[in-house]
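# Provided below are the primary sequence and the corresponding predicted coordinates.
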Amino acid sequence: MRVSQFNEKVAGACGKKAVLMDKSPARYMVRSAFAGGFLTLTSLAGFAMGDVFNTLHPTLGRFIFPFVFCWGLIYILFLNGELITSNMMYLTAGLYRQWIAPRKALKMVILCTVGNIVGAYFVAWLASYTSALQVYDVTGMAATMVGGKLAKSGMEIIFAGTLANLFVNIAILSWLFIENQAARMATVMSAIIMFAYLGFEHVVANFGSFALLYFSPATTAGFTLGNILRQWGLAYLGNYIGGGLLIGLVYAWLNRGADEYVD
């Protein structure tokens, strides 16, 4: 009978996260803040490069942005950041298999989400004192992208959030299963490039892009607190469906039995 890598690695990750949170919630929060900050840094660079390439052709920025943004998740994976969208997969699988207690999982979700937001806004605040953010205008890529996200209907945000976190957790599971570092990076990049190019909704990426626009001189239609919270809330729900239920729960069920065919 084969040993399931999924069971070993996801159970181990749940235990490691719970121990860190119990021993030092502050350290857990900082790891979460780093994750939000890393995605915001790569969004910042992606918007800057996208704006430059759009001067050559108006569609090039949308093509370039995902290739820059995808490095944010690679930084998170190499540097052990705590990302709520991947934790949706870990914790849902952990709850189903009883690898983690419900109260600990809930506390982890809250701390991780808050940490991701804090990290995103801290990086955006730092960037607001640089020319990289001060050159944003209403026709730039950041304002255009955020405006498009805020204009979506609720159902579109939920379904786009579901698909985004399917891609992200395909990347996370591939990272767990693949040993070769180059192959790991290529697989992660492929998944993130595809979801970012398609314009799907990843709530932590949205924390970052919205924060960058907030601290910049630019604005866009619908950029109000109520509409921002609506967008984040629906993206969060969609991300949970995609990462927590369709990946985490299903893979935990697939690997529950004593079968030869396990992951």
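Okay, I see it.
# same for the longest helix along the chain, what does it pack against?
Longest helix in the chain, counting residues (DSSP state H): helix 25-54. Contact here means 3 or more Cβ pairs under 8 Å, 6 or more residues apart in numbering; DSSP states H and E; on that basis helix 25-54 packs against helix 5-23, helix 60-69, helix 71-78, helix 102-127, helix 131-134, helix 141-151, helix 203-214. For every residue, glycine as well, the C-beta is placed using N, CA and C.
# please repeat the previous calculation with a cut-off of 6 Å.
Judged by 3 or more Cβ pairs under 6 Å, 6 or more residues apart in numbering; DSSP states H and E, the packing partners of helix 25-54 are helix 60-69, helix 71-78, helix 102-127, helix 141-151, helix 203-214.
# closest one to residue 88 among those?
Among the helices and strands packed on helix 25-54, the nearest to residue 88 by Cβ to Cβ is helix 102-127 (8.1 Å).
# check which residues of the closest one are buried.
For helix 102-127, the neighbour count (16 or more other Cβ atoms under 10 Å) marks 104-105, 107-109, 111-113, 115-121, 123-124, 127 as buried.
# so which of the helices and strands packed on helix 25-54 is nearest residue 237?
Smallest distance to residue 237 across the helices and strands packed on helix 25-54 (Cβ to Cβ): 9.1 Å, for helix 203-214.
# how big is the angle separating that closest one from helix 25-54?
60 degrees (axes from the mean of the first three to the mean of the last three Cα atoms, to 10 degrees).
# and the helix or strand just after helix 203-214, what's buried?
Proceeding N to C from helix 203-214, the next assigned helix or strand is helix 225-239, under DSSP states H and E. For helix 225-239, a neighbour-count test (16+ other Cβ under 10 Å) marks 228, 230, 231, 232, 234, 235, 236, 237, 238, 239 as buried.
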